[in-house]
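1. Need coordinates for the below:
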Amino acid sequence: MTDVAEDFDLVVLGGGSGGYAAALRGAQLGLRTAMIERHKLGGTCLHNGCIPAKALLHAAEVADKARGAQLFGVMATFESIDMPAVQRYKDETVDSLCKGLTGLVKARNI
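-> Numbering: from 1, shown residues only. A predicted model of the protein is given here:
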């Protein structure tokens, strides 16, 4: 933990989607803003819920489209799903979004 001996106009508890949106808006309005997050910035949605689930669903959709590609005049074959590669895709998606969000928050001096 970091000891901060500063005065803030706005302190946001939680760095999930609602928390970081509130913190970014506060900074946009010129408020000296702090955000307190116990875990990773982005919260459950980014790290364990919505985003990882959507990445996995997207991979499944790509596999499904490959199986039915002939319906569109595309000659493609579907062999299998490489789950370690799918997990890597999911993790890279989450990491990329987390880094982008972290950079945005730092750029706003939150």
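
2. how about the strands in the protein?
-> For the chain, applying DSSP state E gives strands covering 10-13, 33-36.

3. I'd like these as a markdown table, with mean neighbour count and mean pLDDT appended.
-> In this view, the C-beta of every residue, glycine as well, is placed from N, C-alpha and C. Below are the strands of the chain laid out as a markdown table (neighbours: other CB atoms under 10 Å; pLDDT from 0 to 100):
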| stretch | mean neighbour count | mean pLDDT |
| --- | --- | --- |
| strand 10-13 | 16 | 96 |
| strand 33-36 | 18 | 96 |
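
4. Thr44 is nearest to which of those strands?
-> Taking CB to CB, strand 10-13 is the member of the strands of the chain nearest to Thr44, at 14.6 Å.

5. The closest one packs against which elements?
-> Under the contact definition 3 or more CB pairs under 8 Å, 6 or more residues apart in numbering; DSSP states H and E, strand 10-13 sits against helix 17-28, strand 33-36.

6. What are the buried residues along the longest one?
-> Counting neighbours by 16 or more other CB atoms under 10 Å, one finds that the buried residues in helix 17-28 are Ser17, Gly19, Tyr20, Ala22, Ala23, Leu24, Gly26, Ala27.

7. low-confidence ranges in this protein?
-> 1-5 (pLDDT under 70).

8. would you turn the strands of the chain into JSON lines with distance to Ile81?
-> Formatted as JSON lines, the strands of the chain follow (distance: least, CB to CB, whole Å):
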{"stretch": "strand 10-13", "distance to Ile81": "40"}
{"stretch": "strand 33-36", "distance to Ile81": "38"}
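
9. I'd like the buried residues of helix 17-28 as JSON lines, with distance to Leu101 appended.
-> Shown next, in JSON lines, are the buried residues of helix 17-28 (distance: CB to CB, whole Å):
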{"residue": "Ser17", "distance to Leu101": "10"}
{"residue": "Gly19", "distance to Leu101": "11"}
{"residue": "Tyr20", "distance to Leu101": "6"}
{"residue": "Ala22", "distance to Leu101": "14"}
{"residue": "Ala23", "distance to Leu101": "11"}
{"residue": "Leu24", "distance to Leu101": "9"}
{"residue": "Gly26", "distance to Leu101": "16"}
{"residue": "Ala27", "distance to Leu101": "13"}
